[in-house]
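Asker: here's my sequence, what's the structure:
(one chain, ligands or ions: 3)
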Amino acid sequence: MSEDKHPMKQILIADDDPGIRQVMRAALQKDGFEVIDVADGIAAVEAFVENDPCLVMLDVEMPGQSGFEACEQIRQSAGGAHVPIVIATGREDLSAVNHAYEAGATDFIAKPINWPIFCHRVKYVLRSSTHFQRMQMSEEKNAALLTAIPDTMIILSDDGEILNFLPGFCEHPLPAPTEGKTSVFEYLPRPIAEKWIHMARSAGRTTEPLEREFALPAEYDTVAHYVARFVPYLEGQSLVIVTEFTERKRAEERIHRLAYFDGLTGLPNRQHFIQHLDGMITNSKQSDGRFAILYVDLDNFKRINDNLGHSYGDGVLKSIADRLGQCIRKQHVAEDGEPFGIARLGGDEFAAAIDDVDDDDILVNVADRIREKLRQPVKYRGHEFVVTPSVGIAVYPDDGDNVEDLLKHADVAMYQAKSSGRDAVRFYRGTMSLKSLQRLNIETMLRKAVENDGLELHYQPKFGLDSGHVVGVEALIRWRDEDGKFIPPAQFIPIAEETGLITPIGDWVIHEACRQVRTWQKGLGADIEVAVNISSQQFYHCDLKKTVMQALFEASIRPNLLQLELTESLLMKDVREVVDTLRALKDAGVSLAIDDFGTGYSSLSYLKRFPLDALKIDRSFVKDLSENNDDAAICAAIIAMSHSLGLHVIAEGIETGEQLKYLCDQGCEMGQGFLLAKPMPAAEFEQLMTERAGLSKRQPA
Ligand code: C2E
Ligand code: MG
Ligand code: MG
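Answerer: Residues are numbered from 1 along each chain as shown. Ligands and ions are numbered 1, 2, ... in the order given. Reported below is the predicted structural model:
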């Protein structure tokens, strides 16, 4: 700010002689003072109150009020006690000098004035005046303070003139206005300048400092963020203090990104999505609008992760996220300018919000676009895959009027899509939900059961059909719901497979079965072979060989006491990896059986390709043996074929004596079924074995 214009260098002259006023003004201005001049004593007092000058020069005789009266009044006014007041008296007019002294004048100057020394006189008076010293000191302090503040200070007039500019010394200081361009409209982009003028004018009307954040556009060559504070200054002027806060803004943005965006894909995360949906609900309530949530889950994505590693899976997820982005119109541009349409909810789950859904066809189109786009093979690091999505759709307000219900229902619909064979789209419509909701409940409860040891194994004995001896057991998983009722494995195993829970469950079954064999070895003194059912998902989602070897080792039992029952569908995949794993298990001494034989493709050729030991005829053929000739023929053929391939045969589900007899006649070696024994808890099996041992001691067979 210019020193010359500072009010502390202002001198007030009161003299009714315009000639004297003019000469005084010229002399003082030449010495750097600013001058206010008035023609009478009353005006002198008013001008003093208004301007607070640093020195007052009063003529004695003036119309209206004399210099002495004016002097007295100034002394009594606010800020007037210490201001130096010089009274111009007539030469040798001693009484006037006295009078001046009594009226409170600081000094007198004799008229006619000796002009060459006039200004020196003024400066001497000023220097010896404590008032002046105080002002000088506070001016110096102010100047020091101002230069110590890194902010840019601007004095702005209400009509947009930059009256003063004190540059700041922050990281990106605001550039000074170029020479001659002192209008704020030439200095700042128009929208910002308009806001500034508005704020400057409002600043005068409020005691609160007004603030406005702004950033300069690209052509200003700075990426900095500023906040401008407006405080009232002199009449019609504001002091604008501009503070840079780029670093804080960046930190805020970083924190915002971490909290609301997914680190891998850069998409909004679940939290962000939920907030966004809240906003959509509020808007839709006001406008009676409809919007939809699309819940997108990638089918079998886990397989990519498990087989090729997580970094691989991450790469694929990123490219899927890009593709999804191309399918959804980014119509939701949030206030802060972030495009919004899709979010990653976690893992391989994405969601999209579609606004203004007048009819469902729009949604079907979007969903089909997603399926079409994702179906194109993803090429990544030399591999190529097809990733299909299952899409569930819930619509506001039809399927829920709050975020939680809408998300849950879109999820339910997505499960429907999955269970209909994947790569599908399903709408949630109230009526279809019950089954799906049960399914969701089962998943939640099952998760808890896995965490809280809520699962158990029952054992169904297998009998040698010739000897009637127990030749082994099959371990069958049992899970009770909250009321203690058994939930059949057929109901929860598929859910466990879909959700990945099969991995911890499968591991637990293998460990528990081996541990039980060891317990029986000790309790019964006998080796009981245990067969464990293996889901095909266990081949993809975990290291089966490692789990098996660990379980055998921990239980200290021989590998040939463990049989793995595999499904036909697993063998049909004929993946190199499956063959290798089976061979490794076989080499380790574990025996392998095919379960439910006859229900899948029943291709004989693959039986030769795998290192199998036994084959279990599915219950459905045994069931109708006596009534259905075809089934009888199929059983006979399976038994004959197995023997010719060197495989043992076990018939499942024997419920009648007739079935048993037929199977024996056909040379089936082993059987299982309710007729012989139902699945039972381990303790019951132990009791059965103990009783049978007692019996056989009394009546040798
Ligand atoms: P599965 O391996 O074919 O098991 C035989 C199923 O038939 C068992 O049903 C058993 O209780 C039942 N069963 C045995 N004899 C008879 C009979 O005479 N009549 C009738 N009607 N049923 C009989 P469960 O225990 O309900 O198991 C069903 C399926 O669930 C099993 O079929 C198996 O595929 C699967 N499962 C059971 N436990 C496990 C496990 O630990 N892991 C895996 N991955 N799957 C399992
Ligand atoms: Mg089985
Ligand atoms: Mg079976």
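Asker: how far off centre is stretch 455-473?
Answerer: Relative to its chain's centre, stretch 455-473 lies at 53 Å (CA atoms, centre = their mean, to the nearest Å).
Asker: near ligand 3 at all, that stretch?
Answerer: No - contact of stretch 455-473 with ligand 3 is not found when judged by CB under 5 Å from the ion; the minimum separation is 10.1 Å. All C-beta atoms are positioned from the backbone trio N, CA, C, and that covers glycine.
Asker: give me the three-state assignment for the residue of the chain most remote from its centre.
Answerer: Residue farthest from the centre of the chain, counting by CA atoms, centre = their mean, is Glu92 at 90.0 Å. Three-state call for Glu92 (DSSP: H, G, I helix; E, B strand; the rest coil): coil.
Asker: going forward, the N-terminal residue is numbered 13.
Answerer: Fine by me, first position is 13 from now on; the one you just mentioned is Glu104.
Asker: now do it against ligand 3, distance only.
Answerer: Distance, Glu104 to ligand 3, by CB to the ion, to the nearest Å: 137 Å.
Asker: in contact with that residue, which residues?
Answerer: Residues in contact with Glu104 (CB atoms under 8 Å, 6 or more residues apart in numbering) are Ala122.
Asker: next one: it, what pLDDT does it get?
Answerer: Each residue has a pLDDT score; the one for Glu104 is 75.
Asker: ok, now which ones touch the residue in the stretch 613-713 of the chain that ligand 3 sits nearest to?
Answerer: Per CB to the ion, Glu664 is where the stretch 613-713 of the chain lies closest to ligand 3, at 4.8 Å. Neighbour list for Glu664: 608, 628-631, 634, 683-685 [criterion: CB under 8 Å, 6+ apart].
Asker: same question, Ala379
Answerer: With CB under 8 Å, 6+ apart, Ala379 has these contacts: 306, 403, 405, 437.
Asker: wasn't Asp309 part of a strand?
Answerer: Yes - counting by three-state DSSP, Asp309 is located in a strand.
Asker: so it touches Leu386, yeah?
Answerer: No - Asp309 lies out of contact with Leu386 (CB atoms under 8 Å); the separation is 11.3 Å.
Asker: residues shared between the contacts of the two?
Answerer: What both Asp309 and Leu386 touch, as defined by CB under 8 Å, 6+ apart, is the set Pro401.
Asker: so which helix or strand takes in Ile54?
Answerer: Using DSSP states H and E, Ile54 sits in helix 53-63.
Asker: from the contact counts, what lies against the helix or strand that Ile99 is a member of?
Answerer: Using DSSP H and E, Ile99 falls within strand 97-102. On a contact count with 3 or more CB pairs under 8 Å, 6 or more residues apart in numbering; DSSP states H and E, strand 97-102 meets strand 67-71, helix 79-88, helix 106-115, strand 119-123, helix 127-140.
Asker: what's the spacing between the residue of the stretch 613-713 of the chain closest to ligand 3 and Arg262?
Answerer: According to CB to CB, to the nearest Å, Glu664 and Arg262 sit 67 Å apart.
Asker: who in the chain is up against ligand 3?
Answerer: So the chain meets ligand 3 at 607-608, 664 (CB under 5 Å from the ion).
Asker: let's go with 8 Å and repeat that
Answerer: For the chain, the contact set with ligand 3 under CB under 8 Å from the ion comprises 545, 577, 607-608, 628, 630-631, 664-665.
Asker: what is the nearest of the residues you listed to Ala271?
Answerer: Asn545 (44.4 Å; CB to CB).
Asker: correct me, but that closest one touches Gln472?
Answerer: No - applying CB under 8 Å as the test, Asn545 and Gln472 come out as separate, 11.1 Å apart.
Asker: between these two, which contacts overlap?
Answerer: 486, 488.
Asker: ok, back up a step: and the helices and strands packed on strand 97-102, which is most packed in?
Answerer: strand 67-71 (a mean of 26; mean count of other CB atoms under 10 Å).
Asker: just the CA trace of it, in PDB.
Answerer: Output in PDB follows, covering the C-alpha atoms of strand 67-71 (Å, rounded to 0.1, in the frame of the first residue of the first chain):
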ATOM      1  CA  LEU A  67      -1.700  17.800  12.900                       C
ATOM      2  CA  VAL A  68      -4.100  20.700  12.900                       C
ATOM      3  CA  MET A  69      -3.100  24.200  11.800                       C
ATOM      4  CA  LEU A  70      -5.600  26.900  13.000                       C
ATOM      5  CA  ASP A  71      -5.900  30.600  12.200                       C
END
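Asker: now that strand: average pLDDT?
Answerer: Taken as a whole, strand 67-71 has an average pLDDT of 94.
Asker: what packs against it?
Answerer: strand 22-26, helix 53-63, helix 79-88, strand 97-102, helix 127-140.
Asker: what's in contact with it?
Answerer: Taking CB under 8 Å, 6+ apart as the rule, strand 67-71 contacts 23-29, 32, 36, 53, 56, 60, 79, 82-83, 86, 95-100, 117, 121, 134, 137-138, 141, 144.
Asker: Cys131 against Ala39, yeah?
Answerer: Yes - in this structure, Cys131 is within contact of Ala39 by CB under 8 Å, at 5.4 Å.
Asker: where does this structure come near ligand 1, residue by residue?
Answerer: Counting by CB under 6 Å from any ligand atom, the chain comes close to ligand 1 at 472, 488-489, 500-502, 505, 521, 545-547, 577, 607-608, 631, 664-667, 684-686, 691.
Asker: can you select the buried ones from the residues you listed in PyMOL?
Answerer: In PyMOL, a selection of the buried entries from those looks like this (16 or more other CB atoms under 10 Å):
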select buried, resi 472+488+489+505+521+545+546+547+577+607+608+631+664+665+666+684+685+691
